[in-house]
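Asker: Output the structure for:
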Amino acid sequence: ILSSEGQCVIPTLKNTIDTDSNLMVFQIVTTETITLNGHFVQDSQGKFTPNPVGDINEKILEFDRTLLERYPTLSQEKLTPKLQNMARYSMANILGNVAFLHGSLLVIENGKVVTLPPQSLLTAVPSRPAFPRGFLWDDGFHNILICKWDEILCMQILDSWLQTQMPSGWIPREQGRGAEAVSEMPSWAVPQNPNAGNPPSLLFP
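Answerer: Numbering: from 1, shown residues only. Here you go, the predicted model:
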């Protein structure tokens, strides 16, 4: 991720454990390509689940097959393995960035900030660690890829955006719904201004 100063930044989790948490996240940061095999304890007696590597490998093959079906030009010989891998990583990241957000939204009405009732949004966020919220303009471009991969998922995302449309026809262009999404927003960007809109990129897909 590039910072505002143009420097490369690797987002890392805080090295803390909340006493009331029932989830533990373990993060590894590396500059090399690595393979990790995880084994999870099934019960208090220490029994392990079967090795999941075979299932993971099958899912990887299934993903590659689907990618070539949806985008047959990727199989052309003129595309180097490096370009094919770039396409694979790009598609995987687009799909991995699809997020379900729920919460209220702040909008400016008659010069005052008002809170709208909680609502849900299904969206492909631009970046999970840096921009974990919905961007109307961005999702038009994201769904050019998603619609070719899964039409139903694409329609669900587009419908989710349209469900947030105001009676005037305006759709808030940057939607941070929920505390986690709002925590990564600059304060000036949280209240949505009806005078700020985006071109109708949702027509692209």
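Asker: List the buried residues of the helix with the most length in the chain.
Answerer: When the chain is parsed with DSSP state H, its longest helix is helix 53-70. Buried residues in helix 53-70, defined by neighbour count with 16 or more other CB atoms under 10 Å: residue 67. Backbone N, C-alpha and C define where each C-beta goes, glycine included.
Asker: now swap in stretch 175-187 and tell me
Answerer: Buried residues in stretch 175-187 (16+ other CB under 10 Å): 175, 176, 177, 178, 181, 182, 184.
Asker: my read: residue 146 touches residue 156, true?
Answerer: No: counting by CB atoms under 8 Å, residue 146 sits too far from residue 156 to count as a contact (9.8 Å).
Asker: So if I had to pick from these two, which one is more boxed in?
Answerer: Relative neighbour count places residue 146 above the other of residue 146 and residue 156, with 24 against 13, counting by other CB atoms under 10 Å.
Asker: Could you report the separation of that one from residue 17?
Answerer: 36 Å (CB to CB, to the nearest Å).
Asker: Go through the helices and strands of this structure and name the one with the lowest mean pLDDT.
Answerer: helix 53-70 (a mean of 82; mean pLDDT, DSSP states H and E).
Asker: Need the contact partners of the helix or strand following it.
Answerer: Downstream of helix 53-70, the next assigned helix or strand under DSSP states H and E is helix 81-96. Identification of contacts with helix 81-96 by CB atoms under 8 Å, 6 or more residues apart in numbering yields 63, 64, 67, 71, 74, 79, 124, 128, 142, 145, 146, 149.
Asker: Can you lay out these as a markdown table showing distance to residue 28?
Answerer: Shown next, in a markdown table, are these (distance: CB to CB, whole Å):
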| residue | distance to residue 28 |
| --- | --- |
| 63 | 22 |
| 64 | 24 |
| 67 | 26 |
| 71 | 30 |
| 74 | 29 |
| 79 | 30 |
| 124 | 25 |
| 128 | 16 |
| 142 | 27 |
| 145 | 28 |
| 146 | 28 |
| 149 | 28 |
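Asker: out of those, what pair is the most spread apart?
Answerer: With CB to CB as the measure, no two of the contacts of helix 81-96 lie farther apart than 79 and 128, at 27.5 Å.
Asker: got any ranges where the chain has weak pLDDT?
Answerer: 1-6, 9, 38-54 (pLDDT under 70).
Asker: Break down it into its strands, ranges please.
Answerer: For the chain, applying DSSP state E gives strands covering 98-109, 112-124, 134-135, 174-175.
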